[in-house]
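>>> Sequence and predicted model, in that order:
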Amino acid sequence: MRRSRRLNSSERWELGLFMAMLISGFLCFAAIVRYGDMPQLLAFGRADTPSAPDRSDSSPSASNDLDHLSLSSILTPPVASDASKIEWKSLTLNTPAPPAIPAIVKQLAPKPKKAAVEFKTFKGEKYKYVRTLRLRVTAYAPDARCCWPFDGTTTASGLSVKTNRGRLVAADTRLIPMHSLVSVPGYDGGAAVPVLDRGGAIKGHRLDVLLPTFEQAKEWGSRVVDVKIYEVVDGRE
């Protein structure tokens, strides 16, 4: 009597694969005979309603629910009935809309007007305002106690101290040119008076106003004020 040979592992694996394929083929054939459409095996939802069938229902209609299954019910959204409408909307970020960009103004705003140039007239000459300087202002008088070794009757410009009713100043002419006009707060009512003199102690940001007497000059003392400067206008202006 011939003894049968045992299958090795490779042969057992091939036999198992063949049996599995055979059983799968049989199941597929049975499904085709039962449902008549292969894609119905992959359907998991009803075509006429978005909800799954109630498996607890044992009525004949419940057993036949698979007849209405189709692959399209998975790939397409359910159609909403009139009673309850289902809206499919894309998600949008709830962010505020950017502010509207203002329209470009075609007509440019008018440029601010330049401050009007201030002019003064002295002895028939026209002067214009050029700048303001902060100066220490003292006072002197046509007195030997103020003007020694000079007699104090003539200014450095060669004009008398009585010019412009004795209302004039001494300045450092490197800073304020000779014959310029200056307006000193508190002197001659702030009127513009000529620079006609200079002195050894009047250097840099210093100014000396002429007063009639030595006592009045002492009473003036020393003040730091803002002084307006005016220079003569040449023929081209």
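Good, I have the coordinates.

>>> hey, let's count contacts and neighbours off CA atoms from now on
OK.

>>> Do a quick rundown of the helices in the chain.
9-35, 60-63, 72-75, 144-147, 214-220 (DSSP state H).

>>> closest one to Phe119 among these?
Closest of those to Phe119 is helix 214-220, at 28.2 Å (criterion: CA to CA).

>>> Do a quick rundown of the strands in this protein.
Along the chain, the stretches classed as strands by DSSP state E are 119-122, 125-140, 169-171, 181-183, 192-197, 206-210, 223-232.

>>> rank those strands by mean pLDDT and give me the bottom one.
Of all the strands of the chain, the minimum mean pLDDT falls on strand 119-122 (a mean of 90).

>>> Tell me which strands it pairs with, and in which orientation.
Strand 119-122 pairs in its sheet with strand 125-140 (antiparallel), by DSSP bridges.

>>> Please enumerate residues in contact with the partner strand?
With contact meaning CA atoms under 8 Å, 6 or more residues apart in numbering, strand 125-140 is reached by 117-121, 146, 181, 205-211, 214, 217-218, 220-233.

>>> mind redoing it with 6 Å?
Residues from elsewhere that reach strand 125-140 (CA atoms under 6 Å, 6 or more residues apart in numbering): 118-121, 146, 205-210, 217, 221-233.

>>> tilt between that strand and strand 192-197?
With axes from the mean of the first three to the mean of the last three CA atoms, to 10 degrees defining the directions, strand 125-140 sits at 70 degrees from strand 192-197.

>>> So what's the residue count around Ala201?
Neighbour count of Ala201, defined by other CA atoms under 10 Å: 11.

>>> Kindly provide the distance from it to Met178.
16 Å (CA to CA, to the nearest Å).

>>> So which of the helices of the chain is nearest Asp197?
Nearest to Asp197 among these is helix 144-147 (11.2 Å), distances taken as CA to CA.

>>> Any chance you could give me the closest one in PDB, C-alpha atoms only?
Taking C-alpha atoms only, helix 144-147 is exported to PDB below (Å, rounded to 0.1, in the frame of the first residue of the first chain):
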ATOM      1  CA  ALA A 144      32.100 160.000  29.400                       C
ATOM      2  CA  ARG A 145      31.300 157.400  32.100                       C
ATOM      3  CA  CYS A 146      30.000 155.100  29.300                       C
ATOM      4  CA  CYS A 147      32.100 156.200  26.300                       C
END
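
>>> Which positions in that helix come out as buried?
Cys146 (16 or more other CA atoms under 10 Å).

>>> Show me how the record splits this protein into domains.
Annotated domains of the chain cover 9-75, 119-232 [automatic domain parsing].

>>> Pick the most deeply packed of the ones you listed.
Comparing the domains of the chain by mean neighbour count (mean count of other CA atoms under 10 Å), domain 119-232 ranks first with a mean of 17.

>>> Helix or strand with the lowest mean pLDDT in this protein?
Least confident helix or strand, the chain: helix 60-63 with a mean of 47, by mean pLDDT, DSSP states H and E.

>>> in this protein, what spans have low per-residue confidence?
The chain contains residues with pLDDT under 70 at 1-5, 35-110, 112-115, 235-237.

>>> Now with 90, please.
The chain contains residues with pLDDT under 90 at 1-118, 121-124, 143-153, 199-201, 234-237.

>>> thinking again about what came up before, how about JSON lines for the domains of the chain, with distance to Lys111 added?
As requested, the domains of the chain are exported to JSON lines (distance: least, CA to CA, whole Å):
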{"stretch": "domain 9-75", "distance to Lys111": "68"}
{"stretch": "domain 119-232", "distance to Lys111": "23"}
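
>>> Which positions are bridged to the closest residue to Arg198 other than its chain neighbours in the beta structure?
Nearest non-adjacent residue to Arg198, counting by CA to CA, 6 or more residues apart in numbering: Ala170, 4.4 Å away. Beta-bridge pairing for Ala170 (DSSP bridges): Asp197, Asp208.
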